[in-house]
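> Quick check, what structure comes out for this input:
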Amino acid sequence: MEVAQCPSYAAALGYTGVAAAVCLSNWGSAIGTWKAGISIVHTGIRHPSSVMKNVIPIVMAGVIGIYGLIVAVIISQSIVTPSTERNNAYSTYTGLAHLCAGLCCGVSGLAAGACIGIVGDYGIRANKLFVGMLIMLIFSEALALYGMIVALIVSQHSYSCG
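Next up is the predicted model:
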């Protein structure tokens, strides 16, 4: 085992990936909820009967946060705590793979949340565009799903020093 390949800070890279997956995905979810939620409130004042139909962007934005949570849990279960006896099993390669997986899921969730918020905002205001809004929301949600799938694949790559 070479100490340069398995330093004690390698686990910090993995935990940074966990934080990136959760924080960025939830940030995207919050942006989507915020943008679409404001439009629902404005529309609900004028047309209270249309509120339940227009809640779809809010639900889709909330799912993005769950994608980040799934990736974060899977990554965190793979992280090996560093040892005080200098025989760390968690390599820099694995830490960087987990960091990249977290960033992949988080950044795609952030982009998808912003897209859902903008599409939901305009789709709710123009009720004639409901079917078009649904199609755009589905493709926006797919962005986050693609990021989660790639993150799950990348997070399975590892090199053990022990």
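
> Identify the residue spatially nearest to Ala114, adjacent ones excluded.
Ile31 (5.1 Å; C-beta to C-beta, 6 or more residues apart in numbering). Glycine gets a C-beta too; all of them are placed from N, C-alpha and C.

> next one: Gly28
Gly113 (2.6 Å).

> got it, and His42?
Nearest-residue entry for His42: Arg125, 7.6 Å, with adjacent residues in sequence omitted and distances by C-beta to C-beta, 6+ apart.

> can you check Lys53 too?
Phe130 (7.5 Å).

> Touching, that neighbour and Gly120? I think so.
No: if you go by C-beta atoms under 8 Å, Phe130 and Gly120 don't touch, sitting 11.2 Å apart.

> Just want to know which of the two has more residues nearby.
Applying other C-beta atoms under 10 Å to Phe130 and Gly120 shows that Gly120 carries more neighbours, namely 29 against 14.

> Run through the residues that contact the residue most central in space within the chain.
In the chain, the centroid-proximal residue (C-alpha atoms, centre = their mean) is Ser25; its distance is 3.1 Å. Applying C-beta atoms under 8 Å, 6 or more residues apart in numbering, we find Ser25 in contact with Ile64, Gly65, Tyr67, Gly68, Leu69, Val71, Cys105, Gly106, Gly109, Leu110, Gly113, Ala144.
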